[in-house]
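**Student:** can't give you the sequence, but here's the structure:
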């Protein structure tokens, strides 16, 4: 067994549910929306910031990674008109991502929750 950065062992698949369990991570995650997807597998060990995908550039977007919507991405979306924001989010989620994490206690836009039947 290799103990270096490039292990010969295959990555261990975990589910989105696993990330939300107490003690699973050094930060506490809670489910704000999309509980139906908690059984999705996360097979890539690295996270991905999703800014370019929000402007329609999907080259390099890895759906198997946890997608991070941080303050920059959320402020970008907040500056958009409602219809443009909906289009950007629709394009993003249409890629079949395993999980998106909204950081820093940011509010998920109501129209996004409505669009996906999450309210």
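**Tutor:** It's in. Please read these numbers as outputs of a predicted model, since none were measured by experiment. Residues are numbered from 1 along each chain as shown.
**Student:** and residue 72, how many neighbours?
**Tutor:** 14 (other Cβ atoms under 10 Å). Every C-beta, even on glycine, is put in place using the N, C-alpha and C of the backbone.
**Student:** Quickly find the element holding it.
**Tutor:** If you go by DSSP states H and E, residue 72 is part of helix 71-78.
**Student:** what residue is smack in the middle of the chain?
**Tutor:** Centroid-nearest residue in the chain, with Cα atoms, centre = their mean: residue 100, separated by 1.4 Å.
**Student:** Which other helices and strands does the longest helix seen in the chain contact?
**Tutor:** Longest helix in the chain by number of residues, with DSSP state H as the criterion: helix 82-93. Under the contact criterion of 3 or more Cβ pairs under 8 Å, 6 or more residues apart in numbering; DSSP states H and E, helix 82-93 touches helix 71-78, helix 110-115.
**Student:** Dump the ones you listed to JSON lines, plus mean pLDDT and distance to residue 62.
**Tutor:** Formatted as JSON lines, the helices and strands packed on helix 82-93 follow (pLDDT from 0 to 100; distance: least, Cβ to Cβ, whole Å):
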{"stretch": "helix 71-78", "mean pLDDT": "93", "distance to residue 62": "16"}
{"stretch": "helix 110-115", "mean pLDDT": "76", "distance to residue 62": "21"}
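**Student:** Distance to residue 88 for those - can I get that in TSV?
**Tutor:** Shown next, in TSV, are the helices and strands packed on helix 82-93 (distance: least, Cβ to Cβ, whole Å):
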stretch	distance to residue 88
helix 71-78	7
helix 110-115	10
